[in-house]
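Asker: With the sequence up front, the predicted model follows.
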Amino acid sequence: MKRGTISRWVIGIFLLAMTGLFLEGCATMGEKPKPALLRTDRGTVVYEDKYEFKGPIGWRLLRAESGGDFEFGFFKFEKGDFPSQTTFIYDPEPFGGSRDLETRAKRYCTRFLWNTGIIPEVTKQDEVQLWGQPAIAIHLLGENPNRNEKSKSVVYLVKKENRIISFVVTQWRPMKGTFDQEPFEQFETFVKSFKFLKKTFYEEMEEKIRELKAERK
């Protein structure tokens, strides 16, 4: 089971695996491994030949190791006192097991940011659609006065075939700090422009299972 997002306390670990500034350093001398992000002529980028989207320019790419809490995301330190920072995350296996969106959302929120000392409160929850698929948008706010920090998050849980995937943005600020709406707008662009270029592992597996069942009939 996964908790569906990462806390700022483990960001340092993932920074060891991240690339340079987003959309920078593509043209270099010598032969190097293919970069994780490639530009297109459509104003988008492609991540590892699997996803295409409009990403946040100037942010750093986060890449989790196999079995981590998410597949990839973006990270940005922002102006202001610590902890002024924001993260985007795409997670194909958000916490929970139910294939019902409402049930999954309730379960997911019980573990969201669980290891940060913050218990986020759901301030708004809407049934929406993303790319024509049913989804739930969850808005959360949380505080930890003992550490002088607060958080603001938006979570999308999206039904994709027989599974549920998630997109998460979390912004951290000092208790007296002000949340910045611009990163949330960039997150909306990122999510709504997201395209799957390949079948996922689970889709391929379910397709093979259907083929095997058909052969046995």
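Answerer: It's in.
Asker: for the longest helix seen in the chain, what is the average pLDDT?
Answerer: Longest helix in the chain, counting residues (DSSP state H): helix 201-216. Across helix 201-216, the average pLDDT comes to 72.
Asker: all strands for this structure, in order.
Answerer: Using DSSP state E, the strands of the chain run over 37-39, 45-47, 51-53, 60-63, 72-77, 85-91, 121-130, 133-144, 149-160, 163-174, 195-196.
Asker: Can you spell out which residues form a bridge with the residue nearest the centre of the chain?
Answerer: By CA atoms, centre = their mean, the chain has its centre lying nearest to residue 89, at 1.8 Å. Taking DSSP bridges as the rule, residue 89 bridges to residue 73, residue 168.
Asker: Confirm for me that it is in contact with residue 165.
Answerer: No: with contact defined as CB atoms under 8 Å, residue 89 and residue 165 do not form a contacting pair (11.1 Å). Using the backbone N, CA and C atoms, a C-beta is placed for each residue, glycine as well.
Asker: Return the distance of the closest residue to residue 159 other than its chain neighbours relative to residue 110.
Answerer: Nearest residue to residue 159 in three dimensions, chain neighbours excluded: residue 134, at 4.7 Å (CB to CB, 6 or more residues apart in numbering). Computed as CB to CB, to the nearest Å, the residue 134 to residue 110 distance reads 22 Å.
Asker: Compare the two (neighbour count), which wins?
Answerer: Neighbour count, other CB atoms under 10 Å: between residue 134 and residue 110, residue 134 has more, with 14 against 11.
Asker: any idea how far the more buried one is from residue 148?
Answerer: 39 Å.
Asker: just residue 106 next, same as before
Answerer: According to CB to CB, residue 106 stands 30 Å off from residue 148.
Asker: on that earlier part again, may I see the strands of the chain organised as JSON lines, with distance to residue 209 and mean pLDDT added?
Answerer: Shown next, in JSON lines, are those (distance: least, CB to CB, whole Å; pLDDT from 0 to 100):
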{"stretch": "strand 37-39", "distance to residue 209": "33", "mean pLDDT": "93"}
{"stretch": "strand 45-47", "distance to residue 209": "27", "mean pLDDT": "96"}
{"stretch": "strand 51-53", "distance to residue 209": "24", "mean pLDDT": "97"}
{"stretch": "strand 60-63", "distance to residue 209": "30", "mean pLDDT": "92"}
{"stretch": "strand 72-77", "distance to residue 209": "27", "mean pLDDT": "96"}
{"stretch": "strand 85-91", "distance to residue 209": "24", "mean pLDDT": "96"}
{"stretch": "strand 121-130", "distance to residue 209": "26", "mean pLDDT": "97"}
{"stretch": "strand 133-144", "distance to residue 209": "22", "mean pLDDT": "97"}
{"stretch": "strand 149-160", "distance to residue 209": "17", "mean pLDDT": "97"}
{"stretch": "strand 163-174", "distance to residue 209": "14", "mean pLDDT": "97"}
{"stretch": "strand 195-196", "distance to residue 209": "20", "mean pLDDT": "96"}
